[in-house]
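Novice: pasting the sequence and the predicted model now:
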Amino acid sequence: MKDYQARGYLFEYEIWRFLKASGYVGVTTSKLRGRGADHQIDAYGTLSIPTPFVYPIRLICEAKCYTNPIELKHIRSFVGVMKDISENYFVGSNRLRNTPFRFTEAGCFFSSSSFTSDAQDYAWAHNIFLVSFNNIRIIEPVVKNIRDFVKNIPEERLDNMSRRRLLNRYKKIASKPLNINSNSYEKVSLAIGIIDGAYPISLIGHYGWLDILFENIPQTGDIVEITKTRRVDSELDTTIFLNMFGYEIGFSLPKLIAIKLIERIDKTMPGDKVFDVDMPVLIGHDSNTMRRFLKLEISLPDKAEFLKSLTKKPN
């Protein structure tokens, strides 16, 4: 295999771990049958919180660990795969007619880098959701470790290495802490949210932030108030950071999606609410698990603190 393929396989494995921890069940990586061919899927799983009037939601993921932005050709290829899989239902097949074997397919493309503008346009037109980990510093050690791991494998050995052998070698180090910027795999936690009821995002923070969130859920109601702290704008995406009871969590949006949100943030007064994030969560374990939808109400910093920061004299 080539080095970029090896990086992709290992990044897929990390996405698999993130999704499994975020409330998707049966997450795996294997082939799914399409109408015209079988397709190797990087990661897929069924959402553990059912939605009325639709078949169980099956998230089908593509993952790329590139240095450069994801291009139109990558999204176009994934759209073809999604279309082929979603059309693999036949009236004459009793097995596929039963609801446990039919799904509402949702496609998501995970990337360690950004997405080009034309890739974003095409993904939006074909209902493919994009998740970039660009500018999320807590993920950088994971990506760096993947790249260093592949780089340290001699090219001639990598050419003849199977995917299974590559993953088995990687899993031995993936379970150990990373001594990079004091971050480690054990310190990364991810949850899936829906911003303004429209677009899915991956909320990422140090391990433990979800426990703190659960501890601060009001006894009456599901609304949790948190504060937006900062944002990082680039040509292709925008990363928003939030302060949640002392934990910083962040998420990235494609520029195509972020434009309206940026306009709203810039027009919002300090202390006022600027957007919502709905988040399906599982609280507890096994038979004591509780399924809930939390609403995170995101506000700008308080006006008094904001004005204080403006008048504060530099040292």
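Specialist: Received the coordinates, thanks.
Novice: might one say that E225 is in contact with E297?
Specialist: Yes - if you go by C-beta atoms under 8 Å, E225 and E297 touch, sitting 5.0 Å apart. C-beta: built from backbone N, CA, C; applies to glycine.
Novice: now do the same contact list for the spatially most central residue of the chain.
Specialist: Residue closest to the average C-alpha location in the chain (C-alpha atoms, centre = their mean): S202, at 3.8 Å. The contact partners of S202, by C-beta atoms under 8 Å, 6 or more residues apart in numbering, come to 18, 131, 133, 190-193, 251-252.
Novice: nearest spatial neighbour of it, skipping sequence neighbours?
Specialist: Spatially, and ignoring its direct neighbours in sequence, S202 is nearest to V131 (5.0 Å; C-beta to C-beta, 6 or more residues apart in numbering).
Novice: the one you found sits in which helix or strand?
Specialist: According to DSSP states H and E, V131 maps onto strand 128-132.
Novice: can you name the element that comes right after that strand?
Specialist: With elements assigned by DSSP H and E, the helix or strand that comes after strand 128-132 is helix 140-151.
Novice: would you mark the buried spots in that next one?
Specialist: For helix 140-151, the neighbour count (16 or more other C-beta atoms under 10 Å) marks 140-143, 145-147, 149-150 as buried.
Novice: can you redo those residues as CSV with pLDDT?
Specialist: Converted to CSV, the buried residues of helix 140-151 look like this (pLDDT from 0 to 100):
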residue, pLDDT
E140, 86
P141, 85
V142, 86
V143, 89
N145, 88
I146, 91
R147, 91
F149, 91
V150, 92
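Novice: for burial, what's the neighbour tally of S111?
Specialist: The tally of other residues near S111 (other C-beta atoms under 10 Å) stands at 23.
Novice: my bad, should have said I201
Specialist: For I201, the neighbour count with other C-beta under 10 Å is 20.
Novice: doesn't it fall inside a strand?
Specialist: Yes - under DSSP: H, G, I helix; E, B strand; the rest coil, I201 sits within a strand.
Novice: any idea what it is bridged to?
Specialist: G193 (DSSP bridges).
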